[in-house]
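Novice: dropping the sequence and predicted coords here.
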Amino acid sequence: MSINVNTAMDAIGTALGAISGLRIFDFRPGSAQPPFAFVDFPTVTYDNTHARGTDRAMFPVLVAVGSASDRASRDEIGAYLAGTGSSSIKTALDSPGVRRVGEATPVDLILAGGTYLAYRFDVEVVQ
């Protein structure tokens, strides 16, 4: 079975909608007001299992808040990094047999001339 990238990006964006107050894009936006999250294009591994059994895609989901030098940004990103809870990216996106959040990595995100404190969440989809 193969992965439909567009459908998977839409589904991840929809799942992120469970987090109140987070602006969601199921594609890379040209500009956005923080806090925001977007689904970026995946790395795809074909033939993850025998002879076209499954494919695997790793979708980067970027979650951005304000300036990295702002304490309020640290507190805000901490809520999104929590392993559980209503603001947890992992809680919103993990779906047994469908999606799994495996890792979160800090990044400085530059978008429309602004630099934001952000984390890249690696979301694995296997189909």
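Specialist: Looks like it came in fine. Numbers count the residues shown, from 1 in each chain.
Novice: output the lowest mean pLDDT helix or strand found in this protein.
Specialist: When the helices and strands of the chain are scored by mean pLDDT, DSSP states H and E, strand 43-45 comes last with a mean of 91.
Novice: and that strand, what does it pack onto?
Specialist: Under the contact criterion of 3 or more Cβ pairs under 8 Å, 6 or more residues apart in numbering; DSSP states H and E, strand 43-45 touches strand 56-64. For every residue, glycine as well, the C-beta is placed using N, CA and C.
Novice: in the next helix or strand after the strand it packs on, which residues are buried?
Specialist: Next in sequence after strand 56-64, counting helices and strands by DSSP states H and E, comes helix 71-81. Using 16 or more other Cβ atoms under 10 Å as the test for burial, helix 71-81 gives 73, 76, 77, 79, 80, 81.
Novice: after helix 71-81 comes which helix or strand?
Specialist: Following helix 71-81 in sequence order, the next helix or strand is helix 89-93 (DSSP H and E).
Novice: pLDDT on that next one, on average?
Specialist: On average, the pLDDT along helix 89-93 is 97.
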